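Enquirer: any chance you can model this:
(one chain, ligands or ions: 1)
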Amino acid sequence: MLNTVSHDKSVLRDKDSVERMYINGEWIVSTSSKESEVINPANNEVIGRVTQGTAEEVDAAVKSAKEAFYKKGWKTTYARARADYLLKIASKLEERKEEIAMLETLNNGKIFSDSLVDVEDAINQFQYYAGLATKPHGQTYEVPDEIQAMVIREPIGVVAIIVPWNYPLVMAAQKMSAALAAGCTVVVKPSTQTPLTLIRLFEIIDEVGLPNGVANLVLGSGSMVGNELINHPDVEKISFTGGTATGKQIMKDAANTLKKIGLELGGKSPNIVFADADFETAVDYALLGIFAGQGQVCSAGSRLLLEKSIYDKFVPELVSRAKKIKIGPGWDETTEMGPLISKSHLENVLNYVEIGKGEGAELLCGGRQITEGELEKGNFVEPTIFTNTTPDMRIVQEEIFGPVLVIQVFETEEEAIELANGTDFGLAAAVFTNDGAKAQRVIRQLQAGITWINTYHPTFNEAPWSGYKQSGIGGDLGTYGFEEYLYKKQVNIALEVKPSGFYKG
Ligand code: NAD
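Expert: Now for the predicted structure:
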């Protein structure tokens, strides 16, 4: 059992010391002297102070990554040696698993058991890509004209990795592990709201002796530090996870230097429940789909598509169980739902509740901040469910990124598919039914990159993660995610060395 109070104290650093960036193997405080405060969203207390980098420091980080790639030879380091570093990082993360998970809970607000899963995922990502590091292999092609054609794979170069606040460690780990295994070097930028666990990961990187410049950590805002990375001429690839609006801006900016881009963006994912679904299972996953992580999950099942004939039985059960969800700080092991990341995000979510009411949707439960007792200090919002919605409502179309579920009702399979595909997003989708053929038929027509049948949320590092439509470009994870960091070079070898004889003079 966790002794929560001592865990809190032991994982946090002295509030008066400023957390630093890691550039070319050195821990540095920015020359800007600017700092940002890190807040615990469960009580809005300051839990850390973080230096804020300058354009010159971003440039130094990119230059050191470039030098490590080309001059110091990370690119050509034997893949087994790269794999060894990744395995050492994984085992050090394992040793510090509980500490880092508790820190994630204090910084992000997610419940401790979810934070532990995140750290375990990150460990597995370093292990998985350590395994893949030695596996790239080329192909040869049978072509005419006495040529042997072949393809070899080469690491792309310096990769800028920019990640959001909802999975601060694991989003960075999945990109870093794949990029480093492929032979790229990286400059990583976390969200200013949640930098703490990544700083610990870089302590581990320092301890295992990864060569200087191979992995760098820069700290600061998206508009400054992030923007400098996007526009830096020596960054070859951007691997970004975050909001769709930011992704669009990055795509525009990256066009100037035609960088390779990977964008993992937002969602408004449909969870379709047919009348023949197992009732208990479908209610359970409808709740988990939206309320896990307080709804601050890109793939959250934020739209429940219900077949009309089960509406009257399903909705009262759903609402009654949503009302019983135990809300509290993530470090309390009885908590089922934690706080939202910040006061301003809480305002955004509550604003969407007002928009929904104004649009004429019916609020079935929740919709308010919790202001009783200790929870008043934090950013806690009740589980919220809207019904009587129409497809054009903003609460149906836009990503709210909080514990807000909207119900849409359908009568036929065709209608379910049309409603499901009726937003600009295409990240995830689920189908609940006991009819196997119907499940397969519907899944094949859904515009979504991550799908489930009779479950919601489980995903694995082995399988690719990518969005359709405005939910992204490219993808992370699995062998597909690894290939994102490798150029494919065509090599054509003459089987006989002789002039072409074309220009006869
Ligand atoms: P955000 O887009 O505001 O920020 C993400 C990161 O980009 C942060 O580090 C931020 O500082 C940086 N950034 C912001 N503006 C930038 C700019 N102009 N140039 C460069 N960098 C910039 O997103 P957020 O609020 O931190 O995260 C929530 C969003 O992330 C949601 O939309 C969610 O769906 C999405 N998300 C998607 C996935 C996925 O796999 N598809 C996973 C997690 C989160």
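Enquirer: can you list the residues of the stretch 151-300 of the chain near the ligand?
Expert: 162-167, 171, 189, 191, 221-223, 226-227, 230, 241-243, 246, 249-250, 264-267, 298 (CB under 6 Å from any ligand atom). Backbone N, C-alpha and C define where each C-beta goes, glycine included.
Enquirer: of those residues, buried ones?
Expert: Buried members of those, scored by 16 or more other CB atoms under 10 Å, are 162-167, 171, 189, 191, 222, 226-227, 230, 241-243, 246, 249-250, 264-267, 298.
Enquirer: okay, and which of those map to helices?
Expert: Counting by DSSP state H, the part of those found in helices is 171, 227, 230, 246, 249-250.
Enquirer: and which of the residues you listed is nearest to the ligand?
Expert: Ranked by distance to the ligand (CB to the nearest ligand atom), those are led by residue 246 at 3.2 Å.
Enquirer: nearest spatial neighbour of that closest one, chain-adjacent residues omitted?
Expert: Nearest residue to residue 246, sequence neighbours excluded (CB to CB, 6 or more residues apart in numbering): residue 222, at 6.7 Å.
Enquirer: confirm for me that that neighbour is in contact with residue 164.
Expert: No: Residue 222 lies out of contact with residue 164 (CB atoms under 8 Å); the separation is 9.7 Å.
Enquirer: please identify every residue contacting each of those two.
Expert: 191, 242 (CB atoms under 8 Å, 6 or more residues apart in numbering).
Enquirer: show the backbone phi and psi for residue 271.
Expert: phi -120, psi 100 (degrees, to the nearest 10).
Enquirer: tell me how many other residues surround the nearest residue to residue 108 once chain neighbours are set aside.
Expert: Distance criterion CB to CB, 6+ apart; nearest residue to residue 108, sequence neighbours excluded, is residue 194 at 5.3 Å. Residue 194 is flanked by 24 other residues according to other CB atoms under 10 Å.
Enquirer: I'd say residue 194 and residue 170 touch.
Expert: No: with contact defined as CB under 8 Å, residue 194 does not reach residue 170; the gap is 11.5 Å.
Enquirer: follow-up on the earlier one: out of the ones in helices among the buried ones among the residues of the stretch 151-300 of the chain next to the ligand, which one sits closest to residue 112?
Expert: residue 171 (18.9 Å; CB to CB).
Enquirer: distance of the residue nearest to the closest one when sequence neighbours are not counted relative to residue 413?
Expert: Distance criterion CB to CB, 6+ apart; nearest residue to residue 171, sequence neighbours excluded, is residue 163 at 4.2 Å. Note on residue 163: its distance to residue 413, by CB to CB, to the nearest Å, is 38 Å.
Enquirer: any low-confidence regions in the chain?
Expert: 1-9 (pLDDT under 70).
Enquirer: domains of it?
Expert: 9-265+471-490, 270-453 (automatic domain parsing).
Enquirer: please tell me how far the spatially most central residue of the chain sits from residue 16.
Expert: In the chain, the centroid-proximal residue (CA atoms, centre = their mean) is residue 171; its distance is 4.4 Å. Per CB to CB, residue 171 is found 29 Å from residue 16.
Enquirer: and if you look at residue 234?
Expert: The separation that residue 234 has from residue 16, given CB to CB, amounts to 36 Å.
Enquirer: ditto for residue 43
Expert: 19 Å.
Enquirer: between the two, which is the more surrounded one?
Expert: residue 43 (17 against 6).
Enquirer: the closest residue to the more buried one other than its chain neighbours: neighbour count?
Expert: Nearest residue to residue 43, sequence neighbours excluded (CB to CB, 6+ apart): residue 377, at 4.4 Å. Neighbour count of residue 377, defined by other CB under 10 Å: 15.
Enquirer: do the same with the one 5 residues further on
Expert: The number of residues packed around residue 382, counting by other CB under 10 Å, is 19.
Enquirer: relative to residue 350, how far out is the residue nearest to it when sequence neighbours are not counted?
Expert: Once flanking residues are discounted, residue 382 sits nearest to residue 366: 3.6 Å by CB to CB, 6+ apart. As judged by CB to CB, residue 366 and residue 350 stand 10 Å apart.
Enquirer: mutual contacts of those two, please.
Expert: residue 381.
Enquirer: so residue 409 belongs to a helix, correct?
Expert: No: read with DSSP: H, G, I helix; E, B strand; the rest coil, residue 409 is strand and lies in no helix.
Enquirer: can you give the distance of stretch 411-430 from its chain's centre?
Expert: 23 Å (CA atoms, centre = their mean, to the nearest Å).
Enquirer: can I get it in PDB, CA atoms only?
Expert: Extracted in PDB, the C-alpha atoms of stretch 411-430 (Å, rounded to 0.1, in the frame of the first residue of the first chain):
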ATOM      1  CA  GLU A 411     -31.500   3.200 -35.700                       C
ATOM      2  CA  THR A 412     -29.600   1.400 -38.500                       C
ATOM      3  CA  GLU A 413     -26.100   0.200 -39.100                       C
ATOM      4  CA  GLU A 414     -25.700   2.700 -42.000                       C
ATOM      5  CA  GLU A 415     -26.800   5.600 -39.800                       C
ATOM      6  CA  ALA A 416     -24.300   4.500 -37.100                       C
ATOM      7  CA  ILE A 417     -21.400   4.600 -39.600                       C
ATOM      8  CA  GLU A 418     -22.500   7.900 -41.000                       C
ATOM      9  CA  LEU A 419     -22.700   9.500 -37.600                       C
ATOM     10  CA  ALA A 420     -19.400   7.900 -36.500                       C
ATOM     11  CA  ASN A 421     -17.500   9.300 -39.500                       C
ATOM     12  CA  GLY A 422     -19.300  12.700 -39.300                       C
ATOM     13  CA  THR A 423     -16.400  14.800 -37.800                       C
ATOM     14  CA  ASP A 424     -13.100  16.100 -39.100                       C
ATOM     15  CA  PHE A 425     -11.300  13.700 -36.800                       C
ATOM     16  CA  GLY A 426     -10.300  10.100 -37.300                       C
ATOM     17  CA  LEU A 427      -8.300   8.900 -34.400                       C
ATOM     18  CA  ALA A 428     -10.100   6.000 -32.700                       C
ATOM     19  CA  ALA A 429     -13.400   4.200 -32.800                       C
ATOM     20  CA  ALA A 430     -15.100   1.200 -31.100                       C
END
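Enquirer: which parts of that stretch are buried?
Expert: 413, 416-417, 419-423, 425-430.
Enquirer: out of the residues you listed, name the ones that lie in strands.
Expert: 428-430 (DSSP state E).
Enquirer: and which of the residues you listed is nearest to the ligand?
Expert: Ranked by distance to the ligand (CB to the nearest ligand atom), those are led by residue 428 at 8.8 Å.
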